[in-house]
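Trainee: Please work out how this folds:
(2 chains)
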Number of protein chains: 2
Amino acid sequence: MKKSLGARTLAFPTPVWLVGTYNAGGTPNIMTAAWAGIVCSQPPCVGVSLRKATYTYGSLMLKKAFTINVPGAAHVQEADYCGIASGKAGNKFTAAGLTPVKSDLVDAPYVQEFPLVLECKIIHTLEIGLHTLFVGEILDVKAEEGVLGEKGLPDIEKVKPIIFGPEIRTYHGIGPYLGQAFAIGRKP
Amino acid sequence: MKKSLGARTLAFPTPVWLVGTYNAGGTPNIMTAAWAGIVCSQPPCVGVSLRKATYTYGSLMLKKAFTINVPGAAHVQEADYCGIASGKAGNKFTAAGLTPVKSDLVDAPYVQEFPLVLECKIIHTLEIGLHTLFVGEILDVKAEEGVLGEKGLPDIEKVKPIIFGPEIRTYHGIGPYLGQAFAIGRKP
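Mentor: Below is the predicted model of the structure:
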């Protein structure tokens, strides 16, 4: 029996990704976002939604570029911190003990310590309501060599991405392997 | 040291959600999507991107409504099947052994067997490239009573959502609790 819980942003899983930007003065900033996901295969694009009130919003509008930085479970505290503090108040990279690396491809910094990063240029914005959706074309994906597995692709069990549960406000790690996609559902 | 992997849709985690629709004749259909996520808090909205070639695309354009159905790990095979087969070829609910329930709120069916469902009306579409992004306002969230935990909200460890790894094409379950959001990152 299903119970009605009302109109709310409640769906599992959502990601924990840090959006990297430079402000007008060139100071690097990162903010944590969970309203995000892949939105197109060709061109490869990621979408991330932010409130206008965030410090990052202004930098996105100005620079038309961002990075998506995927923290491993070892950085869950830093990820949470970067969702609480604002770049208005100071340099969050410094406060979180993280190292900004200037992207060669877009005018945005990525996080040296994180296993997986995407460099993106903004190709669309969509005003939805409280949040604005930024669609970024993925120009490159970079991964730490230590997390690479079969076929030279990142192994999700080595990346150890963080899962966010909206409304319940919990972080979880990646769990057991359940099967191969586009394979286990094939009828005999 | 980071290695460049090229421009590709490679980020972890992505969700495994099934999009429920009715076609022009009223036949229920479901398709599995991973290019999806929450996109706005107010109004609460979810975004899902589909190719024009999918059967669901036509139903979304016609009905302006859909459901998001979150399968638990026990239904990973059915979820994979609904990402392989097309509704053009037959009723996927029947083939997957799943039961469509007509939503009271929108002209779309949800999956009785899944623990968490969202009923959505389309308020925006955005053509990106191969994929079109559909933004649906979440009119209600419904959960099985058996997965509810503290404060009457779904417990993610009971819902057991599936995580998809793009490019590596693997499904994983939800892993260990890592901490409370907006809490563990606070400085003392």
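Trainee: And the contacts of stretch A:122-134?
Mentor: Residues outside stretch A:122-134 that contact it (C-beta atoms under 8 Å, 6 or more residues apart in numbering or on different chains) are A:35, A:43, A:45, A:47-52, A:57, A:60, A:64-66, A:135-137, B:39-43, B:45, B:47, B:123-124, B:126, B:128, B:133, B:135. Every C-beta, even on glycine, is put in place using the N, C-alpha and C of the backbone.
Trainee: Show me those residues that map onto helices.
Mentor: Judged by DSSP state H, these include A:57, A:60 as members of helices.
Trainee: out of the contacts of stretch A:122-134, which are buried?
Mentor: Among those, those classed as buried by neighbour count (16 or more other C-beta atoms under 10 Å in any protein chain shown) are A:35, A:43, A:45, A:47-50, A:57, A:60, A:64-66, A:135-137, B:39-41, B:43, B:45, B:47, B:124, B:126, B:128, B:133, B:135.
Trainee: for chain A, which strand is longest?
Mentor: Secondary structure of chain A read by DSSP state E shows that its longest strand is strand A:131-144.
Trainee: Let's see that strand as CSV, backbone CA atoms only.
Mentor: This file holds the C-alpha atoms of strand A:131-144, laid out as CSV (Å, rounded to 0.1, in the frame of the first residue of the first chain):
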residue,chain,number,x,y,z
HIS,A,131,16.6,27.0,-9.3
THR,A,132,18.2,27.7,-12.7
LEU,A,133,19.4,24.7,-14.7
PHE,A,134,22.8,25.1,-16.3
VAL,A,135,23.5,22.6,-19.1
GLY,A,136,27.3,22.1,-19.6
GLU,A,137,28.8,20.4,-22.6
ILE,A,138,31.4,17.9,-21.3
LEU,A,139,34.7,18.8,-23.1
ASP,A,140,36.8,16.2,-21.2
VAL,A,141,36.6,13.8,-18.3
LYS,A,142,39.7,13.2,-16.2
ALA,A,143,40.3,10.5,-13.7
GLU,A,144,43.0,9.5,-11.3
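Trainee: where does chain A dip in pLDDT?
Mentor: Chain A contains residues with pLDDT under 70 at A:188.
Trainee: Let me see the ranges of the strands in it.
Mentor: Going by DSSP E, chain A shows strands at A:2-6, A:14-15, A:17-22, A:28-33, A:36-40, A:45-51, A:65-70, A:100-102, A:109-111, A:116-127, A:131-144, A:163-165, A:170-180.
Trainee: Show the contacting residues for residue A:164.
Mentor: Each residue near residue A:164 by C-beta under 8 Å, 6+ apart is listed here: A:13, A:14, A:15, A:16, A:34, A:170, A:171, B:181.
Trainee: which among those residues gets closest to residue B:91?
Mentor: For those, the closest approach to residue B:91 (C-beta to C-beta) belongs to residue A:13, at 28.3 Å.
Trainee: burial count for that closest one?
Mentor: Residue A:13 is flanked by 29 other residues according to other C-beta atoms under 10 Å in any protein chain shown.
Trainee: Residue A:175 versus that one, what's the distance?
Mentor: Here the distance between residue A:13 and residue A:175 works out to 10 Å (C-beta to C-beta, to the nearest Å).
Trainee: and for these two, which residues touch both?
Mentor: By C-beta under 8 Å, 6+ apart, residue A:13 and residue A:175 have these common neighbours: B:163, B:174.
Trainee: Mind listing what's buried along stretch A:164-179?
Mentor: When burial is assessed from 16+ other C-beta under 10 Å, stretch A:164-179 yields the following buried residues: A:164, A:165, A:166, A:168, A:170, A:171, A:172, A:173, A:174, A:175, A:178, A:179.
Trainee: surely the fourth one meets residue B:154?
Mentor: Yes: in this structure, residue A:168 sits in contact with residue B:154. The criterion is C-beta atoms under 8 Å, and the distance is 7.2 Å.
Trainee: what's the closest of the buried residues of stretch A:164-179 to residue A:158?
Mentor: If you rank the buried residues of stretch A:164-179 by distance to residue A:158 using C-beta to C-beta, residue A:174 comes first, at 9.8 Å.
Trainee: The closest one contacts residue B:163, correct?
Mentor: Yes: A contact is recorded between residue A:174 and residue B:163 when judged using C-beta under 8 Å, the distance being 6.2 Å.
Trainee: Hmm, residue A:165 is touching residue A:15, no?
Mentor: No: with contact defined as C-beta under 8 Å, residue A:165 does not reach residue A:15; the gap is 11.5 Å.
Trainee: So what sits opposite the closest residue to residue A:177 other than its chain neighbours in the bridge?
Mentor: Closest residue to residue A:177 apart from its sequence neighbours, by C-beta to C-beta, 6 or more residues apart in numbering or on different chains: residue B:172 at 5.8 Å. For residue B:172, the beta-bridge assignment (DSSP bridges) gives partners residue A:177, residue B:163.
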